[in-house]
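Asks: Let me see the structure of the following:
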Amino acid sequence: MKKLMMTLAAVLCCATLFTSCGKNDPSQPDTPTRDTTPVSAVIDYKFTVSDDLFNAFTLTVEYYDAAGAVKAETMTSKEWAKTVQTDKLPATLGACVKIQLKDGFDPTKEEVFSAKHSYYYAYYVVNKSNEKVSKTTSSSGDGGVDMKYEKVPTYAERYLDKPLMKYLFNFAADGTATGGSWE
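Replies: Now for the predicted structure:
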């Protein structure tokens, strides 16, 4: 009988032990669920231009800042980069490069003028803890031409009223993004 009582006590002890490891044990903290509510968008901008473009043109980058206002900065080097995080959603983010031929450009040079440029962007959405809640979307590209110096004023005229490089994204309140246009 003593053996039976000891066995029964051991079974009850094990049952109590396994039951106390269950999910409803108030002494065990609940695992918090991750906040996936988008509240802000983040974008990394980057534009790069060739030596010839940088030296012959004033290059102005227009971009949307955190509050959604369009700002302008003149490129002071061949590469311009910036990271912007919006204040809230919905929001618009994007950037473009506009060019203007500098005074004193000499179109009579016999060399080849290299009008090469490239862009890169990457964006994602974050929650109120600034944790990423979407996959990063990114893209990059390059373009441009090599031409005679005498053709540069015509090239400048072609881009007088439109951006050389551009991209724009409209972020909805749910964090989804759609493309837009500067034109």
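Asks: Provide a complete list of residue ranges assigned to helices in this structure.
Replies: In the chain, the helices defined using DSSP state H lie at 2-20, 51-56, 152-158.
Asks: Now do residue 72 against residue 65, distance only.
Replies: Distance, residue 72 to residue 65, using Cβ to Cβ, to the nearest Å: 11 Å. Glycine gets a C-beta too; all of them are placed from N, C-alpha and C.
Asks: more crowded one of these two?
Replies: Between residue 72 and residue 65, counting by other Cβ atoms under 10 Å, residue 65 is the more crowded of the two (14 against 10).
Asks: pLDDT weak spots in the protein?
Replies: 1-31, 183 (pLDDT under 70).
Asks: Determine the longest strand present in the chain.
Replies: Across the chain, the strand with the greatest residue count (assigned by DSSP state E) is strand 112-126.
Asks: Show me what it is packed up against.
Replies: For strand 112-126, the helices and strands in contact under the criterion 3 or more Cβ pairs under 8 Å, 6 or more residues apart in numbering; DSSP states H and E are strand 40-49, helix 51-56, strand 91-101, strand 137-148, helix 152-158, strand 165-171.
Asks: which ones are touching the nearest residue to residue 99 once chain neighbours are set aside?
Replies: In this structure, residue 99 finds its nearest non-sequential neighbour in residue 57, 4.4 Å apart by Cβ to Cβ, 6 or more residues apart in numbering. Residue 57 sits next to 99, 100, 101, 102, 156 when contact means Cβ atoms under 8 Å, 6 or more residues apart in numbering.
Asks: Surely the fourth one touches residue 59?
Replies: Spelled out, it's residue 102. No. Taking Cβ atoms under 8 Å as the definition, residue 102 is not a contact partner of residue 59, at 10.1 Å.
Asks: what about the residue nearest to residue 99, distance to residue 63?
Replies: Separation of residue 57 from residue 63 (Cβ to Cβ) stands at 18 Å.
Asks: on that earlier part again, the longest strand of the chain: which residues count as buried?
Replies: With burial defined by 16 or more other Cβ atoms under 10 Å, the residues of strand 112-126 counted as buried are 113, 115, 117, 118, 119, 120, 121, 123, 124, 125, 126.
Asks: ok, now which ones touch the last one?
Replies: Yep, that's residue 126 we're talking about. Here residue 126 is in contact with 38, 39, 40, 41, 42, 85, 132, 133 (criterion: Cβ under 8 Å, 6+ apart).
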